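Peer 1: A structural model of the following input is requested.
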Amino acid sequence: MERRKGIDRRTLLIGGGAGIGLVVAWAVWPRAYLPNLAVRDNETAFGAWLKIATNGQVTVAIPQCEYGQGVFTTLPQALADELGADWRMVGVEQAPLNPIYANALGLAELFPGVLPERLQRTWAVRNALMLTGGSTSLRSFEAPLRSAGAAARAMLCKAAARRWGVDWQECDTTGGHVVHGQQRLRFGELAAEAAGETVPDDLPLRDGETGRLSGEPLPRLDAPGKVDGSANFAGDIRLPNMVFAALRQGPVGTVKLAAVDEAAARQVPGTLHVVKNEMWVAAVANNWWAASQALEALNPRFEVAGRVESETIQAALDAAFGGEGERMASAGDLAAAFAGARVVTAEYRAGLALHAAIEPMTATAVWEDGRVRLWLPTQAPGLARDAVARVLGIGTGDVVVHPVLAGGSFGQNLEHQAAAQAALIARELKKPVQLTWSRGETSAHDRFRPPAAARMTARLGTNGSISGWLAKIAAPSTGHELARRLTGGGGTIGASLAAGGSGDASAVAGARPPYRIPALAIDHHPADIGVPTGYWRSGAHSYTAFFTESFIDELAHVAEVEAFSFRIAMLAAEPRLARCLSTVTSLGGWQGGLPGSGQGLACHAFRGSYIAVMAEASVGGDQRVQVDRLVAAVDCGRVVNPSVVEQQIEGGLIFGMAAALGATTGFTGNRPDARSFRDLELPRLADCPQIMVELIASDADPGGVSELAVPPVAPAIANALHAATGVRLRQLPLIPGGE
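Peer 2: Okay, the predicted model is just below:
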């Protein structure tokens with residue numbers, strides 16, 4: 001068996017002693033943080049990641065929120081591969097809140113530049129930052145899970161070798177057994193003995209072996225429960241004597257709740273209570289429908305300050321360009337490149353976008369003896385716990401968060417308003433309360449993907465390449481806003497934000513082109529639009545890729561160079577992206593973007609992964625955009641489960657298409673115009689194009705996947721529409737005749 005050097009024993013936290021089960025963990029955290037996995041009668045906990053029961057059941061603790069992206073499959077698969085487990089005997093459970101599972105990479109991806117790199121790991125661990133986001137699940141946790149599996153494998157082999165009287169290094173594991181020649185022992189038989197073994201100084205990791213689980217399209221572990229209905233989502237929680245709440249918040253700019261018709265609400269059968277807060281009111285009943293009807297009868301009125309309209313949002317973006325802005329990235333001498341040159345300019349815009357997850361905001365809370373317990377879908381359970389503690393005025397130790405499966409998210413469940421509201425209602429009523437926002441409330445009080453505008457300027461060289469590039473982007477400082485909101489705005493985060501400049505790296509993330517351009521600059525012009533914004537699948541990349549790849553296409557036309565050749569000539573430093581482009585044009589039958597072809601290209605490098613997309617699109621007689629085909633070539637490094645990767649790429653393509661053609665809202669009278677799925681023009685089954693995805697084999701470390709396909713879809717469609725119609729659409733959503 002070929003093996004490569006793994007990780008030193010000193011980086012492993014291993015429990016010793018006899019027991020019925022086995023738990024192993026790889027730790028890069030201070031030893032003061034002890035594992036706190038729940039242990040059943042047939043299990044013994046020795047660490048933070050892995051349990052083996054007497055019947056051979058392998059249970060993997062996952063610190064990430066499963067909202068459809070497949071982490072409850074890919075992460076256990078990585079561990080099971082190193083362990084040599086039988087996939088039929090592998091299960092998963094949500095890891096408890098613990099600094100051991102801190103995700104420093106998630107902090108860096110979601111809040112770039114908010115904290116110095118040297119402080120990110122420390123802050124994440126000290127604040128138990130269990131965070132799902134930024135396509136970091138596999139990138140953050142594959143290594144510790146593989147090491148935990150390898151450590152358990154070594155300990156099981158040592159226990160078996162001791163029984164057989166052989167060298168443990170001559171043993172191996174496969175299919176849930178330790179094997180040596182014809183001798184075999186099940187994991188469950190060895191667990192108690194293996195718990196007392198030590199991990200070798202040089203822990204071997206599997207490499208180049210056949211019969212491995214990694215790289216196989218294994219069935220998802222979360223699928224059966226979701227299919228048969230046994231999986232618990234937030235709305236499935238039922239507790240004794242539980243009541244149900246519906247809630248209404250005021251429009252953007254609300255100062256306070258002004259008046260309600262409480263008497264009318266109490267006439268609704270089933271109504272039990274009315275709970276008022278300065279910023280919202282909730283109706284509580286013995287079922288949610290009654291609570292919803294009582295809320296309508298309350299007819300709450302709010303005192304509102306300021307005015308937010310679609311026009312004021314656009315005016316704020318325009319006004320932002322009047323300021324100097326802050327330079328976020330640069331290379332070369334841009335002033336010299338532009339001096340006396342004839343330049344090409346274009347302006348692009350992107351509107352507010354809704355998350356539109358299928359699950360509305362929901363949380364269940366119980367208040368007992370000065371403590372609160374919560375069940376909610378959350379991408380940041382520690383931050384949710386802290387927010388609830390702040391609003392209740394209690395210690396974080398008096399708040400217990402039980403994360404549950406999420407019905408989609410796309411960044412929505414980073415927010416924790418519903419958790420804080422449910423906790424306040426539960427404390428007032430002294431009863432278990434399940435709060436569910438209506439679809440209208442979830443839409444009206446979404447933390448939208450921010451709008452943005454870009455003024456692009458470029459100089460073409462004599463050989464058709466780009467010699468100078470300037471992107472001036474006006475957008476809210478959403479990363480700073482999100483960091484303040486999620487963390488309470490104080491402490492290290494608050495101090496770091498106060499000491500920093502006005503520019504927000506997250507607002508222009510992805511704006512630096514992957515192409516070879518000698519002189520370039522990226523400027524952020526912060527815009528105050530008066531609307532709360534938040535993280536949305538792929539963040540700013542969703543609009544910066546549209547700006548960049550649309551402008552690249554325009555420059556190719558000005559240079560009279562075919563769009564693929566124009567791009568590929570500038571990608572010598574990005575061979576993986578160049579290969580994606582070459583693959584997608586070959587696979588998709590690229591015709592050169594000829595007028596009338598209806599074909600468009602776009603590519604993007606993101607979170608350590610690379611993608612190119614070719615779209616075929618047209619405009620029908622009803623002036624609606626029809627996307628006929630999407631072809632994607634993806635290099636995301638080493639793949640753990642190709643089926644899950646394909647699912648995420650296909651889902652990302654559809655998500656990106658939805659955002660390109662709809663999923664947005666204007667504002668009227670401080671309220672968003674979109675209040676339901678019907679208002680979002682989301683693609684239906686009949687609207688979905690033919691999709692083809694090619695995964696390019698790679699031995700590179702895994703990159704992010706769940707957000708990867710979103711950014712290049714809109715520019716690919718926009719470029720295809722230009723080829724089909726000759727008209728360049730420069731605003732998202734893409735509406736023919738809209739400009």
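Peer 1: the helices in the stretch 551-700 of the chain, which residues?
Peer 2: Counting by DSSP state H, counting those that start in this stretch, the segments of the stretch 551-700 of the chain that form helices are 563-568, 575-588, 642-661.
Peer 1: For G491, find the nearest of the ones you listed.
Peer 2: The closest approach between G491 and any of these, judged by C-beta to C-beta, belongs to helix 642-661 at 34.3 Å. Using the backbone N, CA and C atoms, a C-beta is placed for each residue, glycine as well.
Peer 1: other SSEs contacting the one helix or strand L424 maps to?
Peer 2: In this assignment (DSSP states H and E), L424 forms part of helix 417-429. Counting by 3 or more C-beta pairs under 8 Å, 6 or more residues apart in numbering; DSSP states H and E, the packing neighbours recorded for helix 417-429 are strand 243-249, strand 271-276, strand 280-285, strand 362-368, strand 371-376, helix 381-392, strand 433-436.
Peer 1: Can you add mean neighbour count, mean pLDDT and distance to L34 and give these back as JSON lines?
Peer 2: Shown next, in JSON lines, are the helices and strands packed on helix 417-429 (neighbours: other C-beta atoms under 10 Å; pLDDT from 0 to 100; distance: least, C-beta to C-beta, whole Å):
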{"stretch": "strand 243-249", "mean neighbour count": "24", "mean pLDDT": "98", "distance to L34": "37"}
{"stretch": "strand 271-276", "mean neighbour count": "18", "mean pLDDT": "98", "distance to L34": "39"}
{"stretch": "strand 280-285", "mean neighbour count": "26", "mean pLDDT": "98", "distance to L34": "39"}
{"stretch": "strand 362-368", "mean neighbour count": "24", "mean pLDDT": "98", "distance to L34": "26"}
{"stretch": "strand 371-376", "mean neighbour count": "22", "mean pLDDT": "98", "distance to L34": "22"}
{"stretch": "helix 381-392", "mean neighbour count": "22", "mean pLDDT": "97", "distance to L34": "17"}
{"stretch": "strand 433-436", "mean neighbour count": "27", "mean pLDDT": "98", "distance to L34": "33"}
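Peer 1: out of the ones you listed, which comes closest to A329?
Peer 2: Nearest to A329, of those and by C-beta to C-beta, is helix 381-392 at 28.7 Å.
Peer 1: how big is the angle separating that closest one from strand 371-376?
Peer 2: Calculated by axes from the mean of the first three to the mean of the last three C-alpha atoms, to 10 degrees, helix 381-392 forms an angle of 130 degrees with strand 371-376.
Peer 1: Can you tell me what sits against helix 381-392?
Peer 2: 97, 127-131, 372, 374, 376, 378, 395-396, 398-401, 403, 414, 416, 419-420, 423-424, 427, 486-488 (C-beta atoms under 8 Å, 6 or more residues apart in numbering).
Peer 1: if we go to 7 Å?
Peer 2: Contacting residues not belonging to helix 381-392 are listed as 97, 127-130, 372, 374, 376, 378, 395-396, 399, 401, 403, 416, 419-420, 423-424, 427, 486-488 [C-beta atoms under 7 Å, 6 or more residues apart in numbering].
Peer 1: Would you mind checking the residues you listed for buried ones?
Peer 2: Neighbour counting by 16 or more other C-beta atoms under 10 Å classes 97, 127-130, 372, 374, 376, 378, 396, 399, 401, 403, 416, 419-420, 423-424, 427, 486-487 among the contacts of helix 381-392 as buried.
Peer 1: ok so, going back, for the helix holding L424, the distance to its chain's centre please.
Peer 2: 26 Å (C-alpha atoms, centre = their mean, to the nearest Å).
Peer 1: ditto for stretch 415-430
Peer 2: 25 Å.
Peer 1: Now it - C-alpha only, PDB.
Peer 2: C-alpha atoms of stretch 415-430 as PDB (Å, rounded to 0.1, in the frame of the first residue of the first chain):
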ATOM      1  CA  GLU A 415     -28.700  36.600   9.500                       C
ATOM      2  CA  HIS A 416     -30.300  36.000  12.900                       C
ATOM      3  CA  GLN A 417     -33.200  38.500  13.200                       C
ATOM      4  CA  ALA A 418     -35.800  35.700  13.500                       C
ATOM      5  CA  ALA A 419     -33.800  34.000  16.300                       C
ATOM      6  CA  ALA A 420     -33.700  37.200  18.400                       C
ATOM      7  CA  GLN A 421     -37.300  37.900  17.800                       C
ATOM      8  CA  ALA A 422     -38.400  34.400  18.800                       C
ATOM      9  CA  ALA A 423     -36.300  34.600  21.900                       C
ATOM     10  CA  LEU A 424     -38.000  37.900  23.000                       C
ATOM     11  CA  ILE A 425     -41.500  36.500  22.400                       C
ATOM     12  CA  ALA A 426     -40.700  33.300  24.300                       C
ATOM     13  CA  ARG A 427     -39.400  35.300  27.300                       C
ATOM     14  CA  GLU A 428     -42.500  37.400  27.400                       C
ATOM     15  CA  LEU A 429     -44.900  34.500  27.100                       C
ATOM     16  CA  LYS A 430     -43.000  31.900  29.100                       C
END
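Peer 1: what about it, average pLDDT?
Peer 2: Stretch 415-430 shows a mean pLDDT of 98 in the predicted model.
Peer 1: Also stretch 290-303?
Peer 2: 98.
Peer 1: picking up where we left off before, any idea which of the helices and strands packed on helix 417-429 gets closest to G737?
Peer 2: Nearest of those (C-beta to C-beta): strand 243-249, 35.9 Å.
Peer 1: most packed of the helices of the stretch 551-700 of the chain?
Peer 2: helix 642-661 (a mean of 23; mean count of other C-beta atoms under 10 Å).
Peer 1: Just the CA coordinates for that helix, please, in CSV.
Peer 2: C-alpha atoms of helix 642-661 as CSV (Å, rounded to 0.1, in the frame of the first residue of the first chain):
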residue,chain,number,x,y,z
PRO,A,642,-18.4,14.3,-8.7
SER,A,643,-22.2,14.0,-8.4
VAL,A,644,-22.3,16.7,-5.7
VAL,A,645,-20.0,18.9,-7.7
GLU,A,646,-22.2,18.5,-10.8
GLN,A,647,-25.3,19.3,-8.8
GLN,A,648,-23.8,22.5,-7.4
ILE,A,649,-22.6,23.6,-10.9
GLU,A,650,-26.0,22.9,-12.4
GLY,A,651,-27.8,24.6,-9.6
GLY,A,652,-25.4,27.6,-9.8
LEU,A,653,-26.0,27.9,-13.5
ILE,A,654,-29.8,28.1,-13.0
PHE,A,655,-29.4,30.4,-10.0
GLY,A,656,-27.2,32.7,-12.1
MET,A,657,-29.6,32.6,-14.9
ALA,A,658,-32.5,33.5,-12.6
ALA,A,659,-30.5,36.5,-11.3
ALA,A,660,-29.6,37.5,-14.9
LEU,A,661,-33.2,37.6,-15.9
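Peer 1: Can you tell me which helices and strands that helix packs against?
Peer 2: strand 625-635, strand 690-695, helix 710-725 (3 or more C-beta pairs under 7 Å, 6 or more residues apart in numbering; DSSP states H and E).
Peer 1: who's in contact with the helix or strand just after the longest one?
Peer 2: Elements were assigned by DSSP H and E; along the chain past helix 710-725, the next helix or strand is strand 731-732. For strand 731-732, the external contacting residues (C-beta under 7 Å, 6+ apart) are 348-351, 543, 546, 659-660, 714, 738-739.
Peer 1: again, but for stretch 689-706
Peer 2: With contact meaning C-beta under 7 Å, 6+ apart, stretch 689-706 is reached by 69, 135-136, 138-139, 142, 579-580, 583, 587, 606-609, 627-640, 642, 645-646, 648-650, 653.
Peer 1: mind listing what's buried in it?
Peer 2: 689, 691-696, 698, 702-706.
Peer 1: Spit out the contact partners of Q626.
Peer 2: Going by C-beta under 7 Å, 6+ apart, the list of residues near Q626 reads 617-618, 620.
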